[in-house]
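K.L.:
next one to model:
(2 chains, ligands or ions: 2)
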Amino acid sequence: MEKTTQNINYEDVVIHVDKVSKSFGDLHVLRDVDLQLYNGENLVVLGRSGTGKSVLIKLISGLLKPDQGNINVLGEVVNILDERDLRGLRQRIGFSFQNSALYDSMTVRENLEFPLVRNKRNLTRTEIDKEVEEVLEGVGLSQAINQMPSELSGGQRKRIGIARTLILRPDIMLYDEPTAGLDPITCLDINSLINEVQERYRTSSIIITHDLACAKMVGDRMVMLLDGKFERQGTFEQIFDTEDERVQPFYDYNFIV
Amino acid sequence: MPNLRVINLVKILASENLMGRKIESLLIEFARIHRFFVRFLRELVTPPFEFKEIIRQCYEIGWKSFPLISLTGFIVGFVFTKQSRPSLEEFGATSWLPSLISIAIVRALAPLVTALIASGKVGSQIGAELSSMNVTEQIDAMEVSGTNPTKFLIVSRIIATTTMIPVLCFYVAGIGLLGGYLSIAAKDDMSLLSFFNQVFESIAVKDIFAMVLRAIVFGFTIGFASCYVGYYSSKGTEGVGKAANAAVVSSMFLVFIEELLIVQILSFF
Ligand SMILES: Nc1ncnc2c1ncn2[C@@H]1O[C@H](COP(=O)(O)OP(=O)(O)O)[C@@H](O)[C@H]1O
Ligand SMILES: [Mg+2]
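P.N.:
Ligands and ions are numbered 1, 2, ... in the order given. Sure thing, here's the model as predicted:
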């Protein structure tokens, strides 16, 4: 199932991670990392647990600050923005969290409304309702609108989480392990949703995963984080065309064992 | 950041021995509390203000505590009066009961009982709620969707505890006195009116003022401590239980310490 995406513009870099390092105490998570995301592209970031994949996208969205280096997103340097400008930029970045991070004291409707009413204070009730219903339909969960997050399955929660970020029409999507903990069929659904979002909303995305089927299905390009650096990148075949014993187990586990 | 410089200095001094390590982690904790407090103050005074969320928290924290606090306040007043009666009876002074209980309730029992019940109920609620939001990345989600979590989650809760606990405290004083009256009326023939006449004769404005002061201090303490503990909980599900527990323990502990200090300070007036 090779992917072919038409609309990637390799002239236009939307995210540029420029020689970034990040440590927590004595733990050097990212060392002098470079990464570029092109307009319209789905970039898959592979890597073992605890290698700093989540840290990377938290740096990109400004939740963490790098120790060194700069992170340029849509022409702005995230790590030096003040709170107000960061807020503006964040409206253009969608973040799908690993465990969906739905607000569990709110209904699905209230969850979806939240980013909207907080950022666009002059919308009317009808406009809000229309937006909510539209994105909810986009992820195929119109019937869940009045349910509480605790009543939903893992896959449904993931969809609602994605819908909640789509409601602000972001230019960039960051997915943190979108298929982790889901059954194979739900994984397929989520992967198609990610591709659908790329097409319909014209987003550029970073997808973190160690599920190679997901990587193959959604990724236009892949990079692998090894010991705090991106050592391998390219297409699926290029990544795994190596004897490196840090890389092969990924492939073996997913496709041979 | 001057406190970071201090920490670095201590770090160098502490690099080897264990005692130094302990002091280092204690100082880091203080620096973090200080930073949390400064952030709270900044978000408290800068617009936009989260009025809707503040009202919602007042409802959650204040209104929902009424049943529990009614019962406790009533029982404390009733039992305290019943237990005090025999000692006064020895001197034939049972007619002093109303003034005795009103002083006891307003000066000590009402604020303490309210604060302890609130530490248990509200403190654990805030601690568990915030730490589970932290663990499941809901706080991060809030931040990336353009909402300041300190303002939305912390400031609103601390305002709610600081304003609602004094209200609850007044209510506890009232219902405690009512409990006291019913305990007296079970034995003696006394009208509610003459009971409350005696009550208001024996408590001074100063006492009411001191009660409100205590309640405000306790309310702020419970809100601040519980929010701090919940917000900085360790990741993982066991962090939620730990945070709820730590919120209650630290709130109660601080309330007692503050009570001691306030009693000392007020004795000068
Ligand atoms: N806020 C933080 N404070 C301290 N350590 C952290 C923090 N966030 C992540 N780490 C550590 O950084 C490492 C990488 O974490 P993460 O990016 O979450 O890994 P993963 O690649 O599995 O997503 C882990 O060892 C983690 O413990
Ligand atoms: Mg992760």
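K.L.:
can you point me to the longest helix in chain A?
P.N.:
Counting by DSSP state H, the longest helix found in chain A is helix A:184-200.
K.L.:
buried set for that helix?
P.N.:
A:186, A:187, A:189, A:190, A:191, A:193, A:194, A:195, A:197, A:198 (16 or more other CB atoms under 10 Å in any protein chain shown). Every residue, glycine included, has its C-beta placed from N, CA and C.
K.L.:
what's near enough to touch residue A:3?
P.N.:
Residue A:3 makes contact with A:42, A:195, A:216, A:217, A:218, A:219, A:220 under the criterion CB atoms under 8 Å, 6 or more residues apart in numbering or on different chains.
K.L.:
quick one: secondary structure of it?
P.N.:
Under DSSP: H, G, I helix; E, B strand; the rest coil, the three-state class of residue A:3 is coil.
K.L.:
low-confidence ranges in chain A?
P.N.:
Residues of chain A meeting the criterion pLDDT under 70: A:1-2, A:255-257.
K.L.:
all helices for the chain, in order.
P.N.:
In the absence of a named chain, this looks at chain A. Using DSSP H, helices in chain A cover A:53-60, A:83-90, A:108-119, A:125-138, A:154-166, A:184-200, A:212-218, A:236-240, A:248-251.
K.L.:
hmm, I had chain B in mind actually
P.N.:
B:2-14, B:18-45, B:51-61, B:66-90, B:97-104, B:110-118, B:124-135, B:138-144, B:149, B:156-187, B:192-202, B:205-231, B:238-266.
K.L.:
which among these is found nearest to chain A?
P.N.:
Among the helices of chain B, helix B:138-144 comes nearest to chain A, with 3.9 Å by CB to the nearest CB.
K.L.:
so where is chain B shaky, pLDDT-wise?
P.N.:
B:1-4, B:9-16.
K.L.:
contacts for the longest helix of chain A, please.
P.N.:
With CB under 8 Å, 6+ apart, helix A:184-200 has contacts from A:3, A:5, A:40, A:42, A:138-139, A:153-155, A:158-159, A:162, A:166, A:173, A:175, A:178-179, A:182, A:203, A:205, A:207, A:211, A:213-214, A:217-218.
K.L.:
please redo it, this time with the cut-off set to 6 Å
P.N.:
The contact list for helix A:184-200 (CB atoms under 6 Å, 6 or more residues apart in numbering or on different chains) reads A:42, A:155, A:158, A:178, A:179, A:203, A:214, A:217, A:218.
K.L.:
thinking again about what came up before, which of the contacts of residue A:3 sits closest to ligand 1?
P.N.:
Using CB to the nearest ligand atom, residue A:219 comes nearest to ligand 1 of the contacts of residue A:3, at 16.9 Å.
K.L.:
can you report how many residues lie near that closest one?
P.N.:
For residue A:219, the count of nearby residues is 26 (other CB atoms under 10 Å in any protein chain shown).
K.L.:
one step back: top of the contacts of helix A:184-200 by neighbour count?
P.N.:
When neighbours are taken as other CB under 10 Å, the top entry among the contacts of helix A:184-200 is residue A:158 (30 neighbours).
K.L.:
now do that one against residue A:139, distance only.
P.N.:
9 Å (CB to CB, to the nearest Å).
K.L.:
could I have stretch A:173-191 exported to CSV, CA atoms only?
P.N.:
Provided in CSV are the C-alpha atoms of stretch A:173-191 (Å, rounded to 0.1, in the frame of the first residue of the first chain):
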residue,chain,number,x,y,z
MET,A,173,-1.0,18.6,12.5
LEU,A,174,1.1,16.9,15.1
TYR,A,175,0.0,13.3,16.0
ASP,A,176,1.5,11.6,19.0
GLU,A,177,1.2,7.8,18.5
PRO,A,178,-2.2,8.0,16.9
THR,A,179,-2.6,4.2,16.8
ALA,A,180,-1.1,3.2,20.1
GLY,A,181,-3.3,0.8,22.0
LEU,A,182,-5.9,0.4,19.3
ASP,A,183,-7.0,-2.8,17.6
PRO,A,184,-5.9,-3.4,13.9
ILE,A,185,-9.2,-2.4,12.3
THR,A,186,-9.4,0.8,14.3
CYS,A,187,-5.8,1.5,13.4
LEU,A,188,-6.7,1.3,9.7
ASP,A,189,-9.6,3.7,10.3
ILE,A,190,-7.4,6.2,12.1
ASN,A,191,-4.7,5.9,9.4
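K.L.:
so how far is it off the chain centroid?
P.N.:
11 Å (CA atoms, centre = their mean, to the nearest Å).
K.L.:
is it up against ligand 1 anywhere?
P.N.:
No - against ligand 1, stretch A:173-191 shows no contacts by CB under 6 Å from any ligand atom, the least distance being 7.1 Å.
K.L.:
just give the nearest non-adjacent residue to residue B:259, would you?
P.N.:
residue B:112 (6.4 Å; CB to CB, 6 or more residues apart in numbering or on different chains).
K.L.:
neighbours of the one you found, just the number please.
P.N.:
19.
K.L.:
dihedrals phi and psi, residue 145?
P.N.:
Unless you meant another one, I'm taking chain A. phi -60, psi -30 (degrees, to the nearest 10).
K.L.:
correction: the question concerned chain B.
P.N.:
Per degrees, to the nearest 10, the backbone of residue B:145 is at phi -90, psi 20.
K.L.:
circling back: just put the contacts of residue A:3 in CSV and tack on distance to residue B:182.
P.N.:
Shown next, in CSV, are the contacts of residue A:3 (distance: CB to CB, whole Å):
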residue, distance to residue B:182
A:42, 72
A:195, 71
A:216, 76
A:217, 72
A:218, 70
A:219, 74
A:220, 77
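K.L.:
from these, pick the one nearest chain B.
P.N.:
Nearest member of the contacts of residue A:3 to chain B, counting by CB to the nearest CB, is residue A:42, at 19.8 Å.
K.L.:
which residues touch the closest one?
P.N.:
Here residue A:42 is in contact with A:198, A:205, A:218, A:219, A:220 (CB under 6 Å, 6+ apart).
K.L.:
hang on, the last one packs against residue A:5?
P.N.:
Yes - with contact taken as CB atoms under 6 Å, residue A:220 and residue A:5 are classed as touching, separated by 5.1 Å.
K.L.:
more neighbours: these two, which one.
P.N.:
Counted by other CB under 10 Å, residue A:220 and residue A:5 do not tie: residue A:220 has more neighbours, with 18 against 15.
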